[in-house]
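Peer 1: heads up, no residue letters with this:
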């Protein structure tokens with residue numbers, strides 16, 4: 001699907017030189033338009049969930065059982081858990097504890113944005129600014145497995161994203177523009193926490209709206225005096241370092257529970273090891289130029 005999208009957009013760009021020859025106005029002016037395509041986020045290889053066992057704000061503690069063993073020795077996966085057992089583990093006490101069945105991969109998806117911008121052409125060089133607002137369908141999870149056995153999943157997705165970027169580029173013929181773009185972004189990150197653990201309470205906290213950066217480049221082709229189409233790559237990165245989940249007591253949780261084990265009875269905080277939410281966009285653009 002991604003290959004077809006890129007190939008189709010490239011074919012459209014190369015099929016328009018005859019129309020573009022009639023354009024004499026260059027790239028100065030205001031425009032409105034849309035951008036849409038396919039977003040891909042990395043699989044966060046090596047990601048895990050970190051623990052603050054004594055609630056001192058420093059993560060990297062080991063959660064231990066009453067016997068002193070590592071309660072998360074089964075490990076972690078870079079997606080959403082599909083079993084209470086870690087991938088590759090064998091079943092025990094069947095059928096109540098199934099074998100590990102792996103992790104569901106993080107989801108790539110389509111994106112949809114509206115945009116408004118303005119350019120100023122000076123000779124062969126073009127500078128400008130563009131603002132966007134839209135939505136991407138990607139999501140990202142990381143999972144941990146305890147010896148209970150149980151799984152713990154930290155999930156996030158983008159509810160909406162806005163950005164304002166500078167553009168700078170070069171046009172060899174007043175109808176084709178090659179450009180780079182960079183600027184700040186602002187996004188709402190929706191998070192959820194899932195677990196098969198019913199012995200503890202779990203409270204979430206953290207700001208949903210986060211600042212970030214956007215950057216990339218592309219090519220834009222004028223079609224007639226008022227329309228243009230293009231192909232663009234964009235990288236997105238947002239800070240997501242303040243999201244926390246606290247495992248505590250339900251009131252009936254036994255004192256031997258690893259998350260509230262004496263002497264640190266206040267609970268245990270969870271955080272993702274990957275502090276940034278990153279993804280890549282390959283998209284087509286279209287604009288009406290005034």
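Peer 2: In hand now; what should we look at? Everything quoted here is computed from the prediction, not taken from an experiment. Residues are numbered from 1 along each chain as shown.

Peer 1: Residue 111 contacts residue 282, correct?
Peer 2: No: the pair residue 111 / residue 282 is not scored as a contact, 9.6 Å apart, by C-beta atoms under 8 Å. Just so you know, the C-beta spots here come from the backbone N, C-alpha and C atoms, and that holds for glycine as well.

Peer 1: Find residues that contact each of these two.
Peer 2: 37-38 (C-beta atoms under 8 Å, 6 or more residues apart in numbering).

Peer 1: Next one: residue 256 relative to residue 212, how far apart?
Peer 2: Distance, residue 256 to residue 212, using C-beta to C-beta, to the nearest Å: 42 Å.

Peer 1: what about those two, which has more around it?
Peer 2: Between residue 256 and residue 212, counted using other C-beta atoms under 10 Å, the more crowded position is residue 212 (19 against 11).

Peer 1: Report the buried residues of stretch 241-260.
Peer 2: 243-249, 253, 257-260 (16 or more other C-beta atoms under 10 Å).

Peer 1: low pLDDT regions in the stretch 51-200 of the chain?
Peer 2: 88-101 (pLDDT under 70).

Peer 1: What ranges does this structure have for its helices?
Peer 2: 2-14, 17-20 (DSSP state H).

Peer 1: Please report how far residue 211 lies from residue 39.
Peer 2: With C-beta to C-beta as the criterion, residue 211 and residue 39 are 19 Å apart.

Peer 1: okay, these two: which has more neighbours?
Peer 2: More crowded of residue 211 and residue 39, by other C-beta under 10 Å: residue 39, with 21 against 10.

Peer 1: Verify the stated contact: that one with residue 138.
Peer 2: Yes: the pair residue 39 and residue 138 qualifies as a contact (C-beta under 8 Å) at a distance of 5.0 Å.

Peer 1: any residues in contact with both of the two?
Peer 2: 108-109, 111, 279.

Peer 1: wait, which of these is closest to residue 54?
Peer 2: residue 279 (34.3 Å; C-beta to C-beta).

Peer 1: Which pLDDT value goes with the residue lying closest to the closest one once chain neighbours are set aside?
Peer 2: Leaving out its chain neighbours, the residue that sits closest to residue 279 by C-beta to C-beta, 6 or more residues apart in numbering is residue 41, at 3.7 Å. Per-residue confidence at residue 41 stands at 86 (pLDDT).

Peer 1: and residue 41, how many neighbours does it have?
Peer 2: Per other C-beta under 10 Å, the neighbour tally for residue 41 reads 20.

Peer 1: you'd agree it is up against residue 109?
Peer 2: No: counting by C-beta under 8 Å, residue 41 sits too far from residue 109 to count as a contact (9.1 Å).

Peer 1: what sits against residue 76?
Peer 2: Counted by C-beta under 8 Å, 6+ apart, residue 76 has contacts 47-49, 86, 142-145.

Peer 1: ok, it to residue 182 distance?
Peer 2: From residue 76 to residue 182 the distance is 34 Å (C-beta to C-beta).

Peer 1: coming back round to it: of the buried residues of stretch 241-260, which is the nearest to residue 103?
Peer 2: The closest of the buried residues of stretch 241-260, once distances to residue 103 are taken by C-beta to C-beta, is residue 245, at 18.7 Å.

Peer 1: ok, for that closest one, nearest residue in space, not its chain neighbours?
Peer 2: Closest to residue 245 by C-beta to C-beta, 6+ apart is residue 270, at 4.2 Å.

Peer 1: what's around the one you found, how many residues?
Peer 2: 23.

Peer 1: before we move on, back to that, which of the contacts of residue 76 fall in strands?
Peer 2: Judged by DSSP state E, the contacts of residue 76 include 49, 142-145 as members of strands.

Peer 1: For those residues, which two are the farthest from each other?
Peer 2: 142 and 145 (11.5 Å).

Peer 1: can you tell me which residues contact residue 111?
Peer 2: 35-39, 134-138, 281, 283.

Peer 1: ok, 6 Å please
Peer 2: Contacts for residue 111 (C-beta atoms under 6 Å, 6 or more residues apart in numbering) come out as 39, 136, 281.
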